[in-house]
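Participant: quick check, what structure comes out for this input:
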Amino acid sequence: MKVATAAYPLDPLDSWSAYAEKLTDWVANGAATGAELLVFPEYGAMELAMLSGPDVANDLERCLHAVSDRIPDADSLHSELARKHGVHILAGSAPVFDETYGPRPVNRARLFTPTGAMGIQDKQIMTRFERDPWDVVPGGPLRLFDTALGKIGVLICYDSEYPAFGRALHDADILLVPSCTEALAGYWRVRIGAMARALEQQFVSVMSSVVGPAEWCYAVDQNTGMGGIFGPPDTGFPQTGVLAEGTLDTPGWTVGEIDLAAVEHVRRDGIVLNRTHWDEQTGRDARVTPEALR
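Facilitator: Below you'll find the predicted structure:
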């Protein structure tokens, strides 16, 4: 299958119709590549804040609420576009106030299928800025989505840097890693995490990024990144593990091919079998002994 992953710029849109037009164009262009799965980045929904005016967009607390209030309409639009183009879409994640998790928002991504069905994945561990001053909280558990394209897991940005989460999704065929990183170092932390999870669990990871400045929005004013599609550097995959990558801070789709037969083969008969041998490390960790060398 083909997958398209976004390097997505946030624009100061002034109306719902402007947002709908932008998203419609992006999905149409992504689908025109032949991609069956389109991946938008973490906090890609933050441009919805500007629909409530520049004063709201530049006020952290008010913009969190403004974006959350628009998500039901945004979800309806994504569902409609997924059906129209016959594609799966991971929507840009958003702060969502869900009373299930208390008075503070979760960081929520939503996966849409060509049937219009929707699944949600909340971020598990908050970064320092999400803790303070955003006060975003962890949401629901990790989910593994069984789709017509295969089994899909989602680790939102910082979550991809934790091997235990990747291991929990070890039955996934594809791992989606939507990200929003201010600096180049942040981009590389998430990219290294996405590539490491692909190595460990021998699946394909797909990273998307917010790119470019958005000074009009206090929450996400500077952004660095690009799209990338990664696999284990092993049999049936590039020796670098890089299936496709975009150009840093350049908006657009990065498109790559994913062969699930190659995923199955490398897990069964790769040069290394990280996924199969994973549990062997547990017993050896228990034998760690301090030793002083003088």
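Participant: please make it C-alpha for all contacts and neighbour counts, starting now.
Facilitator: Noted.
Participant: for the stretch 1-150 of the chain, which segments count as strands?
Facilitator: Taking DSSP state E, counting those that start in this stretch as the test, the strands found in the stretch 1-150 of the chain are 2-9, 37-39, 88-96, 106-112, 118-122, 144-147, 150-154.
Participant: who are the packing partners of the shortest one?
Facilitator: Packing partners of strand 37-39 (3 or more CA pairs under 8 Å, 6 or more residues apart in numbering; DSSP states H and E): strand 2-9, helix 16-32, strand 88-96, strand 204-211.
Participant: wait, which of the ones you listed is closest to E257?
Facilitator: With CA to CA as the measure, strand 2-9 is the member of these nearest E257 (4.5 Å).
Participant: so which residues make contact with the closest one?
Facilitator: With CA atoms under 8 Å, 6 or more residues apart in numbering as the test, strand 2-9 has contacts from 30, 33-41, 44, 206-213, 225-229, 246, 249-258.
Participant: stretch 208-215 now?
Facilitator: Residues outside stretch 208-215 that contact it (CA under 8 Å, 6+ apart): 5-12, 39-44, 177-181, 220-228, 249-251.
Participant: quick check: PyMOL command selecting the buried ones in the residues you listed.
Facilitator: In PyMOL, a selection of the buried entries from the contacts of stretch 208-215 looks like this (16 or more other CA atoms under 10 Å):
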select buried, resi 5+6+7+8+9+10+11+12+39+40+41+42+43+44+177+178+179+180+181+220+222+223+224+225+226+227+228+249+250+251
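Participant: which of the helices or strands spans the residue sitting nearest the centre point of the chain?
Facilitator: Using CA atoms, centre = their mean, the residue of the chain that lies closest to the mean C-alpha position is P178, 1.7 Å off. Per DSSP states H and E, P178 falls inside strand 174-179.
Participant: and the next helix or strand after that strand, what does it pack onto?
Facilitator: Later in the chain than strand 174-179, the nearest helix or strand by DSSP H and E is helix 184-201. Packing partners of helix 184-201 (3+ CA pairs under 8 Å, 6+ apart): helix 163-168, strand 174-179, strand 204-211, strand 228-230, helix 274-277.
Participant: tell me which residues of helix 184-201 are tucked away?
Facilitator: Here helix 184-201 shows 186-187, 190-191, 193-201 as buried, counting by 16+ other CA under 10 Å.
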